[in-house]
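Colleague: Okay, predicted coordinates and the sequence, questions at the end:
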Amino acid sequence: MNIPFNKPYLSGKELEYITDSVRSGKISGDGKYTKKVHDFFENELGFQKSLMTTSCTDALEMAAILCEIQSGDEVIAPSYTFVSTVNAFVLRGAKLVFADSMVSHPNIDTSHLESLITSRTKAIIAVHYAGVACDMGEIMTLAKRYHLFVIEDAAQAIDSQYKGQTLGSIGHFGAFSFHETKNVISGEGGLLTVNTPKYNSRAEIIREKGTNRSQFFRGEVDKYGWTDVGSSFLPSDIISAYLFAQLEKLEDIQSKRKMIWNKYFDQLQFLLEFGVDLPQIPDYATNNAHMFYLVCLDLNQRAALINYLKSAGIHAVFHYQALHKSPYYCAKHDDRSLTNCDKFTDQLVRLPLFYELSDIQQQFIIEKISDFFMPIKRSPSHSRISSL
């Protein structure tokens, strides 16, 4: 049996909508399907303003410009995240102040955030790891107290909430990803959400290469020109056509992913007796079933488990390498120990989770994980791990 880590989902309407977009004669940015996607996010999910981008990275770069990040500004961000989260702000000259993860979850530990705030702090980036909400109440309270921007990196968090509020709608800006590994996809692609109306116009200008082109096409100005900094952040309408076919199936996609997630969670409870942790969902958060992961005892056990599953044709993978120890930024980090980020770097392993994962395939994965751990219980020597 060969089980990949991920397999892109197809609704069946993608090619139909792409063909329709091409035939419309308008396949550049902000065509028919881009408008449909914007309407979906604003009318169905309740965002104040949404703008399709070519990637979540681009959405974050737009947010950094909108926050007017400059050289010398400090931005607080989790170390356990993807490089795009922080690269967008480093490009504007920001100094990164890395925060540790929670003991029980890779999300940012809000209990120590206030101690990281200085007179130079400009923004806090909240990364909703695995689609599970950070403690946005605490983050927004601190942001209001110290007059800071909050950017939600909601790359993995579509259709997830914090206390009934849609993720990506709580901070000043939100950024989503539609990379092929996400719940709904367009191959590549992203979305910026703008949650304060005063930034709407500038966000459009930044997205359109620094011009007021969008206003021109709406008939609000008689010509358009260069009015601000910006870049080419908007994607082809073909990308949006693919995505819209996925969004129409969002409820079905989420239902299937949650069923798979729940089966993992229920049938892998036995791992707790081996000291292996399962995902934890805080009371204030919902679960969008973006990812199912295990937290092994140590790096050796994780490597052994990944290799064992690989030998059975199962592709399980680790995740982020903590950025405070990255080759690029380690010399710039302030030497604080980020123990929990290091733990998740060394110990977290992700299991296959995708729409077409069959019950037979998932049961095979669960059985192989059981086969890996059960000899440990029977043998005091823990031979499988010590032999590495």
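Modeller: Received it, and whenever you're ready, just let me know what you need.
Colleague: low-scoring pLDDT stretches of this protein, where are they?
Modeller: Filtered on pLDDT under 70, the chain yields the residue ranges 376-388.
Colleague: which one's the longest strand in it?
Modeller: Longest strand in the chain, counting residues (DSSP state E): strand 121-127.
Colleague: so how far is it from its chain's centroid?
Modeller: Distance of strand 121-127 from the chain centroid (Cα atoms, centre = their mean, to the nearest Å) equals 15 Å.
Colleague: Which strands or helices does it pack on?
Modeller: In terms of contacts (3 or more Cβ pairs under 8 Å, 6 or more residues apart in numbering; DSSP states H and E), strand 121-127 is packed against strand 74-78, helix 83-90, helix 136-146, strand 149-153. Just so you know, the C-beta spots here come from the backbone N, C-alpha and C atoms, and that holds for glycine as well.
Colleague: Give me the distance between the last one and the centre of its chain.
Modeller: In this case it means strand 149-153. Distance, stretch centre to chain centre, for strand 149-153: 12 Å (Cα atoms, centre = their mean).
Colleague: pull the CA atoms of the one helix or strand L192 maps to into PDB?
Modeller: Following DSSP states H and E, one finds L192 within strand 190-194. Output in PDB follows, covering the C-alpha atoms of strand 190-194 (Å, rounded to 0.1, in the frame of the first residue of the first chain):
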ATOM      1  CA  GLY A 190      -4.000  33.400  -1.000                       C
ATOM      2  CA  LEU A 191      -6.300  35.900   0.400                       C
ATOM      3  CA  LEU A 192      -5.900  39.100   2.500                       C
ATOM      4  CA  THR A 193      -8.800  40.100   4.800                       C
ATOM      5  CA  VAL A 194      -9.000  43.700   5.800                       C
END
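Colleague: Name the stretch among the helices and strands packed on strand 121-127 that sits most buried.
Modeller: A comparison of these by mean neighbour count, using mean count of other Cβ atoms under 10 Å, puts strand 149-153 on top with a mean of 27.
Colleague: As TSV, the helices and strands packed on strand 121-127 with distance to D342 would be great.
Modeller: Shown next, in TSV, are these (distance: least, Cβ to Cβ, whole Å):
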stretch	distance to D342
strand 74-78	13
helix 83-90	17
helix 136-146	23
strand 149-153	20
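Colleague: out of the ones you listed, which comes closest to D283?
Modeller: Nearest to D283 among the helices and strands packed on strand 121-127 is helix 136-146 (11.8 Å), distances taken as Cβ to Cβ.
Colleague: Show me what the closest one is packed up against.
Modeller: Packing partners of helix 136-146 (3+ Cβ pairs under 8 Å, 6+ apart): strand 121-127, strand 149-153.
Colleague: Can I get that helix in PDB, CA atoms only?
Modeller: Provided in PDB are the C-alpha atoms of helix 136-146 (Å, rounded to 0.1, in the frame of the first residue of the first chain):
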ATOM      1  CA  MET A 136      -7.200  36.000  20.400                       C
ATOM      2  CA  GLY A 137      -8.900  37.600  23.400                       C
ATOM      3  CA  GLU A 138      -5.600  38.000  25.200                       C
ATOM      4  CA  ILE A 139      -3.800  39.100  22.000                       C
ATOM      5  CA  MET A 140      -6.300  41.800  21.100                       C
ATOM      6  CA  THR A 141      -6.400  43.100  24.700                       C
ATOM      7  CA  LEU A 142      -2.600  43.600  24.600                       C
ATOM      8  CA  ALA A 143      -2.800  45.100  21.200                       C
ATOM      9  CA  LYS A 144      -5.400  47.700  22.300                       C
ATOM     10  CA  ARG A 145      -3.400  48.500  25.500                       C
ATOM     11  CA  TYR A 146      -0.100  49.100  23.600                       C
END
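Colleague: and that helix, how far from the chain's centre?
Modeller: The answer for helix 136-146 is 21 Å, by Cα atoms, centre = their mean.
Colleague: Stretch 101-117 now?
Modeller: 18 Å.
Colleague: Which residues does that stretch contact?
Modeller: Residues outside stretch 101-117 that contact it (Cβ atoms under 8 Å, 6 or more residues apart in numbering) are 76-80, 97, 99-100, 124, 126-130, 132-135, 138-139, 142, 146, 148, 277, 279-280, 282, 338, 340-341, 343-344, 348.
Colleague: List of residues touching the longest helix seen in the chain?
Modeller: Longest helix in the chain, counting residues (DSSP state H): helix 359-378. Contacts to helix 359-378, defined as Cβ under 8 Å, 6+ apart, come from residues 1, 3, 260, 263-264, 267-268, 270-271, 273-274, 276, 294, 304-305, 308-309, 312, 314, 351-352, 382-385.
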